[in-house]
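Engineer: Mind folding the following:
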Amino acid sequence: MFRIISDGGCDFSKAEVARHDIDIVPFFVSFDQVNYLKEGVDISKDGFFKRLATEKGLFPKTSQPSPQDYIDTFTPHLAAGKDIICLTISSKLSGSCNSASLAIDILGEEYPDRKVVLIDSLNASIGQGLILREMIKMRDAGRTLQETVKLTEKILKTTRIYVTLDNLEYLKKGGRVGPTTAFVGGILGLNPILQVEEGQVVQLDNVRGRKNALRMIEEAMVETLKDEIENISIIIGHTHSLPEATAFKASAEAALGTTIALPATEIGVTIGSHVGPGALAFAYCRKYEAI
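Structural biologist: Numbering: from 1, shown residues only. Model (predicted):
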């Protein structure tokens with residue numbers, strides 16, 4: 001059986017990683033651009049967002065895993081005779097995919113008989129996590145590495161993630177929007193709605209008021225998914241906003257007429273550093289059985 005590995009962009013919890021017997025290559029985050037903490041090892045998601053919520057003016061920076069981080073994770077499995085599928089956050093959002101590719105090239109000389117397949121998710125956070133869950137389901141159902149790769153490449157084309165933010169400050173700090181846009185948006189109470197499209201973050205709209213933004217996302221969700229809901233996997237994500245995410249999940253379930261099986265999930269530091277506390281996200285993908 002092949003081994004499944006993902007970078008930390010998938011936002012799996014430690015419990016989920018252990019339950020599904022996979023490996024995560026974590027990202028790093030720094031609050032001072034000097035000391036970098038490994039997510040899930042040196043700092044938890046909850047600890048990260050609590051710092052952002054309580055220490056005003058704190059704007060962290062993230063760093064992708066290095067080729068050596070991937071080598072250290074890949075090597076034990078290759079040495080044990082296992083092939084690997086590695087899923088990464090969109091290569092248009094991070095250098096993680098390139099780090100994994102360099103590691104694969106280096107290890108190919110030492111393990112020429114082993115196969116390591118790299119898949120760029122063209123997504124992030126809970127969207128990447130949905131793709132990873134489908135990969136796990138395929139592995140557990142006895143699909144071969146080749147079958148899993150082929151189906152995964154089709155699934156990622158069906159994956160969408162939408163995010164609305166509490167404010168524009170973190171996007172401004174990261175250079176995603178200009179200071180004038182952020183200032184005007186704050187005065188008008190605008191909530192941006194973002195989407196990952198072809199691996200990049202694009203702004204779909206600016207909506208006045210949080211409730212209006214969430215209603216717009218829910219209406220679009222229902223219109224898109226209502227006729228094929230049994231073939232779709234859905235997840236709600238948030239940054240330090242579990243009560244609101246739980247309420248939105250219940251509202252979405254009522255609107256869709258179905259139960260969203262996956263629990264509301266906290267988004268990790270990779271995307272959380274750019275959106276800040278108070279973000280709410282919705283993602284979906286087509287189940288592999290329906291491809």
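Engineer: Quick one: mean pLDDT over the helix or strand that contains Arg139.
Structural biologist: Using DSSP states H and E, Arg139 sits in helix 125-140. Helix 125-140 shows a mean pLDDT of 98.
Engineer: what helices or strands is that helix leaning on?
Structural biologist: Here helix 125-140 touches strand 3-7, strand 84-88, helix 145-155, strand 160-164, strand 232-238, strand 280-286, going by 3 or more C-beta pairs under 8 Å, 6 or more residues apart in numbering; DSSP states H and E. Yep, even glycine has a C-beta here, placed from its N, CA and C like the rest.
Engineer: Least reliable of those by average pLDDT, please.
Structural biologist: Per-segment mean pLDDT for these reaches its minimum on strand 160-164, at a mean of 92.
Engineer: Please verify my assumption that Gln128 contacts Asp11.
Structural biologist: Yes. Under the criterion of C-beta atoms under 8 Å, Gln128 makes contact with Asp11 at 7.5 Å.
Engineer: What is the least confident helix or strand in the protein?
Structural biologist: Every helix and strand of the chain was ranked by mean pLDDT, DSSP states H and E. The lowest is helix 179-188, at a mean of 37.
Engineer: in its sheet, what does the helix or strand just after that one sit against?
Structural biologist: The C-terminal neighbour of helix 179-188 among helices and strands, as given by DSSP H and E, is strand 190-197. If you go by DSSP bridges, strand 190-197 pairs up with strand 160-164 (antiparallel), strand 200-208 (antiparallel).
Engineer: Okay, buried residues for the last one please.
Structural biologist: Across strand 200-208, burial judged by 16 or more other C-beta atoms under 10 Å covers 201, 204, 207.
Engineer: Now do that strand, average pLDDT.
Structural biologist: 82.
Engineer: roughly how far out does the helix or strand following it sit from the chain middle?
Structural biologist: Note on strand 200-208: by DSSP H and E, the next helix or strand toward the C-terminus is helix 210-225. Counting by C-alpha atoms, centre = their mean, to the nearest Å, helix 210-225 is centred 20 Å from the centre of its parent chain.
Engineer: before we move on, what about stretch 259-269?
Structural biologist: Here stretch 259-269 is found 11 Å from its chain centre; the criterion is C-alpha atoms, centre = their mean.
Engineer: Any idea how far apart the tips of it sit?
Structural biologist: End-to-end span of stretch 259-269 (C-alpha to C-alpha, to the nearest Å): 28 Å.
Engineer: Need the contact partners of that stretch.
Structural biologist: Contacts to stretch 259-269, defined as C-beta atoms under 8 Å, 6 or more residues apart in numbering, come from residues 8-9, 11, 13, 27, 29, 39, 43, 45-46, 48-49, 60, 62, 125-126, 129, 133, 233-240, 242, 245-246, 249, 252-253, 275, 279, 281.
Engineer: ok, of those residues, which come out buried?
Structural biologist: The buried subset of the contacts of stretch 259-269 - by 16+ other C-beta under 10 Å - is 8-9, 11, 13, 27, 29, 39, 43, 45, 48-49, 60, 62, 125-126, 129, 133, 233-240, 245, 249, 252, 275, 279, 281.
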